[in-house]
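K.L.:
Sequence isn't available, so here's the structure alone:
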């Protein structure tokens, strides 16, 4: 198949060749169940899982025992949020999150509201920034958790995680962060953070495996398990471990620790070239701030064009999206851009460009040429 130029790395990333190579033996000769404690097949698999756990912990500055493997970030966030709710089941509960969070967070909190919890959804300004003073004002005696993402999946905006962690620490409440788009892209840490969700396929690892960092040796409680059946992963997540995927996740984390800073600077240069040239097109606007964001993401609004047709035409030669892959089937404007105050028509005609390790200068130039052709007359609304 003649694939288009791929500029949708926030949706998923290709497995790094070293990751694929590391995984292959664990599908065949090293096929043991990591929970088989009585023979060598299980011991070898368990050792591989623990090496990967150490590699992932090193990426975020955690202790090895603080990494719990899951099937992906959505499961990690379910465990973090709903597991916390279960712990406090006999108490009044209040949670604080933000209107621009990923649906894996927002849908969980809507479920908690249906079960009796109170949830505050913080507003953002036109840049996607929360008001930290407003965050402080919303904290109540029964607030159990602040849940705010590290980096926004649609705009790349970075929340002030260290400041949020200090606020949570001072108030004595849990701070949970969705670090899916940040871990492996920019340096992250665990200071003041109690729960952190990650996903392998966002950092050149395999799909179907993720992790939840759970802070150890702290007075605030850990989430209760939401999956039962064997007590795997220190009782937090039962189920046979995906050994090949976990090995790949660990290898990807090791590679990202080695490459992410240099690679981030390279992508920043390419992203800026793309963005500067796109914004020369009449009726284009940058969604969000030029500063304080991931180095490889640009979200551009195209005024005066029909959004669905724009995306259809662009995707003939470049693979881009209008927002989260998890909401791409919806014709509604992005909830992130709506929360930032963008009118619905501009929200529908906004495109997220996200670059990655295989993105070249030639690809950026070819993408620019095609966007110009499409927007400047390559189609008309309804064509």
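P.N.:
Arrived safely. On a predicted model such as this, the values are computed, not experimentally measured, just so you know.
K.L.:
Low-confidence bits of this structure, can you list those?
P.N.:
323-331, 378-383 (pLDDT under 70).
K.L.:
Okay, helices next: where are they in it?
P.N.:
With DSSP state H as the criterion, the chain has helices at 17-23, 40-60, 73-87, 103-114, 132-138, 161-171, 243-278, 307-314, 335-339, 344-348, 361-373.
K.L.:
could you redo these as a markdown table and give each row distance to residue 214 and mean neighbour count?
P.N.:
From N, CA and C alone the C-beta is placed, and that goes for glycine too. Compiled in a markdown table, the helices of the chain are given as follows (distance: least, C-beta to C-beta, whole Å; neighbours: other C-beta atoms under 10 Å):
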| stretch | distance to residue 214 | mean neighbour count |
| --- | --- | --- |
| helix 17-23 | 25 | 17 |
| helix 40-60 | 12 | 19 |
| helix 73-87 | 8 | 23 |
| helix 103-114 | 17 | 17 |
| helix 132-138 | 23 | 13 |
| helix 161-171 | 15 | 17 |
| helix 243-278 | 17 | 20 |
| helix 307-314 | 39 | 19 |
| helix 335-339 | 27 | 22 |
| helix 344-348 | 36 | 18 |
| helix 361-373 | 39 | 16 |
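K.L.:
can you redo these as CSV with distance to residue 6?
P.N.:
Conversion of the helices of the chain to CSV gives the following (distance: least, C-beta to C-beta, whole Å):
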stretch, distance to residue 6
helix 17-23, 16
helix 40-60, 24
helix 73-87, 21
helix 103-114, 23
helix 132-138, 36
helix 161-171, 29
helix 243-278, 13
helix 307-314, 13
helix 335-339, 22
helix 344-348, 23
helix 361-373, 8
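K.L.:
Quick check, residue 98 in contact with residue 131.
P.N.:
No: if you go by C-beta atoms under 8 Å, residue 98 and residue 131 don't touch, sitting 10.6 Å apart.
K.L.:
what sits in contact with each of those two?
P.N.:
Common neighbours of residue 98 and residue 131 (criterion: C-beta atoms under 8 Å, 6 or more residues apart in numbering): residue 122.
K.L.:
got the contact list for residue 97?
P.N.:
105-106, 109, 119-122, 146-148.
K.L.:
got the contact list for the nearest residue to residue 179 once chain neighbours are set aside?
P.N.:
Leaving aside its chain neighbours, residue 179 sits nearest to residue 150 (4.3 Å; criterion: C-beta to C-beta, 6 or more residues apart in numbering). By C-beta under 8 Å, 6+ apart, the contact set of residue 150 is 158-159, 161, 177-179, 181-183, 188.
K.L.:
cool, and residue 363?
P.N.:
5, 7.
K.L.:
And it, how far from residue 3?
P.N.:
Going from residue 363 to residue 3 by C-beta to C-beta, to the nearest Å gives 12 Å.
K.L.:
Could you do residue 112 as well?
P.N.:
As defined by C-beta to C-beta, residue 112 lies at a distance of 41 Å from residue 3.
K.L.:
Same check on residue 104?
P.N.:
Distance from residue 104 to residue 3, by C-beta to C-beta: 28 Å.
K.L.:
Kindly report the same for residue 267.
P.N.:
From residue 267 across to residue 3, the span is 20 Å (C-beta to C-beta).
K.L.:
show me what contacts the residue sitting nearest the centre point of the chain?
P.N.:
For the chain, the residue nearest the mean C-alpha position is residue 180 (2.6 Å; C-alpha atoms, centre = their mean). For residue 180, the contacting residues are 73, 102, 149, 153, 197-199, 202, by C-beta under 8 Å, 6+ apart.
K.L.:
number of nearby residues for residue 357?
P.N.:
Applying other C-beta atoms under 10 Å, we find 17 residues neighbouring residue 357.
K.L.:
That one reaches residue 204, doesn't it?
P.N.:
Yes: if you go by C-beta under 8 Å, residue 357 and residue 204 touch, sitting 6.6 Å apart.
K.L.:
Report the set of residues contacting both of these two.
P.N.:
13, 16.
K.L.:
Next, count neighbours for residue 208.
P.N.:
Residue 208 sits with 16 neighbouring residues when counted by other C-beta under 10 Å.
K.L.:
And for the one 3 residues further on?
P.N.:
The local packing of residue 211 (other C-beta under 10 Å) involves 34 other residues.
K.L.:
Kindly provide the distance from it to residue 28.
P.N.:
Counting by C-beta to C-beta, the gap from residue 211 to residue 28 is 25 Å.
K.L.:
Residue 98 pairs with what?
P.N.:
Beta-bridge partners of residue 98, counted by DSSP bridges, are residue 122.
K.L.:
nearest residue to residue 16 other than its sequence neighbours?
P.N.:
residue 204 (4.2 Å).
K.L.:
Would you mark the buried spots in stretch 191-204?
P.N.:
By neighbour count on 16 or more other C-beta atoms under 10 Å, the buried set for stretch 191-204 is 192-204.
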